[in-house]
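Engineer: model the following, please.
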Amino acid sequence: MKNSDNKKYQAFAKDSNVYIGVANVLNVEKETQYATIADAIAAAENGDTIRLLADITENVTVGKNITFDLNGNVLKGTGSGSVISI
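Structural biologist: Numbering: from 1, shown residues only. Predicted coordinates:
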């Protein structure tokens, strides 16, 4: 399915609830999709790989030993602060 911006969208699960929206991030090991990098990091375990599925604008704090796979996409900051803090 595609939305009005011609981007694919699908249902994704969060806390046992199903939301309809754009899944921008994938945890490769868990095969779970998230709307934000922050949500993906919160659910990630050390050693997991977080893959971007689309360009995204977000500042993130990592705090875990994870791998970011930009997958050819762009991670842009919100305009203030660091884009990635470890």
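
Engineer: SS state for Glu40?
Structural biologist: To be clear, residue 40 is Ala; Glu isn't right here. Using DSSP: H, G, I helix; E, B strand; the rest coil, the secondary structure recorded for Ala40 is helix.

Engineer: so what's it up against?
Structural biologist: Ala40 sits next to Val25, Leu26, Asn27, Thr32, Tyr34, Ile50 when contact means C-beta atoms under 8 Å, 6 or more residues apart in numbering. In this view, the C-beta of every residue, glycine as well, is placed from N, C-alpha and C.

Engineer: now for the residues you listed: which two are most distant?
Structural biologist: Thr32 and Ile50 (10.4 Å; C-beta to C-beta).

Engineer: which residues do these two both contact?
Structural biologist: Leu26, Ala40.

Engineer: can you put the contacts of Ala40 in a markdown table and add secondary structure, neighbour count and pLDDT?
Structural biologist: Formatted as a markdown table, the contacts of Ala40 follow (DSSP: H, G, I helix; E, B strand; the rest coil; neighbours: other C-beta atoms under 10 Å; pLDDT from 0 to 100):
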| residue | secondary structure | neighbour count | pLDDT |
| --- | --- | --- | --- |
| Val25 | strand | 27 | 93 |
| Leu26 | strand | 20 | 91 |
| Asn27 | strand | 20 | 92 |
| Thr32 | strand | 18 | 91 |
| Tyr34 | strand | 24 | 92 |
| Ile50 | strand | 24 | 95 |
